[in-house]
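Trainee: below are the sequence and a predicted model for it; my questions follow.
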Amino acid sequence: MRSESALGTQPVANSENRMRIFAGYGLIVVLAAIIGNQSLHASNSDAEKDESKVYQMGSICVESPWSFESLGKKVGAVFLAISAQKGFSDRLVRAHSPQAMRVEIHDIVNKDGIMMMEEAEAERLMFTSDSPLELKQHGLHVMLMGLQIPLTPNSELRLELEFEKSGTIEMEVTVRELSDTPMQYRLVCE
Ligand SMILES: [Cu+2]
């Protein structure tokens, strides 16, 4: 399959719904370079940036979608937060980008002590006003595979999120430097 070969990793297909698990060396590379970034610290200029933005449609809000620069790789991960107005609930169904061949919503699971990525189960993607949905490092994320061009700081990445009730929201993902700190979210939708 194209996405695995692009990653240079081996799929571990021990169940049907776990089509895209990246194991071994490839997994470590992916997690270190894209999903998690703990060994790197904030740059001095980081505090001065205000990249927060909110995409609101009807009763839901998507807050500050962002990604790390992809350093020439064809894969990337997008993080963001989704909240709902009081009394409203919805579910993230799927994601799409015109700039990536394949986009999936992934979860990170612990399989026998090894952290792996797999497609997130539907109930993990539900949210309410009391229980917002946060896609963040070491957890749920939007996985971009087969990127047409590498993500570089200040480049533009178009992303669409499709929700069960609310329909599709288009947004622009902010690409951050590897040395930047994760975005902070308010997690409220007014
Ligand atoms: Cu992933």
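Mentor: Yep, it's here.
Trainee: number of nearby residues for residue 66?
Mentor: Close neighbours of residue 66, defined as other Cβ atoms under 10 Å, add up to 20. C-beta coordinates here come from the backbone N, C-alpha and C atoms, glycine included.
Trainee: which secondary structure elements does the top strand by length along the chain contact?
Mentor: The longest strand of the chain (DSSP state E) is strand 100-111. Packing partners of strand 100-111 (3 or more Cβ pairs under 8 Å, 6 or more residues apart in numbering; DSSP states H and E): helix 2-7, strand 89-96, strand 114-119, strand 141-147.
Trainee: make CSV out of those and add mean neighbour count.
Mentor: Converted to CSV, the helices and strands packed on strand 100-111 look like this (neighbours: other Cβ atoms under 10 Å):
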stretch, mean neighbour count
helix 2-7, 16
strand 89-96, 18
strand 114-119, 18
strand 141-147, 22
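Trainee: Serialize these to CSV and add fields for distance to residue 61 and mean pLDDT.
Mentor: What follows is the helices and strands packed on strand 100-111, written out as CSV (distance: least, Cβ to Cβ, whole Å; pLDDT from 0 to 100):
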stretch, distance to residue 61, mean pLDDT
helix 2-7, 30, 38
strand 89-96, 11, 98
strand 114-119, 24, 94
strand 141-147, 17, 97
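Trainee: and those: which comes nearest residue 51?
Mentor: For the helices and strands packed on strand 100-111, the distance to residue 51 is smallest for strand 141-147, at 17.0 Å, taking Cβ to Cβ.
Trainee: sheet-wise, list the partners of the closest one with their directions.
Mentor: Taking DSSP bridges as the criterion, strand 141-147 pairs within the sheet with strand 75-84 (antiparallel), strand 100-111 (antiparallel).
Trainee: what pairs with residue 159 across the strands?
Mentor: Bridge pairing for residue 159 (DSSP bridges) gives the partners residue 171.
Trainee: how much space separates it from the ion?
Mentor: Distance check for residue 159 against the ion: by Cβ to the ion, to the nearest Å, it reads 15 Å.
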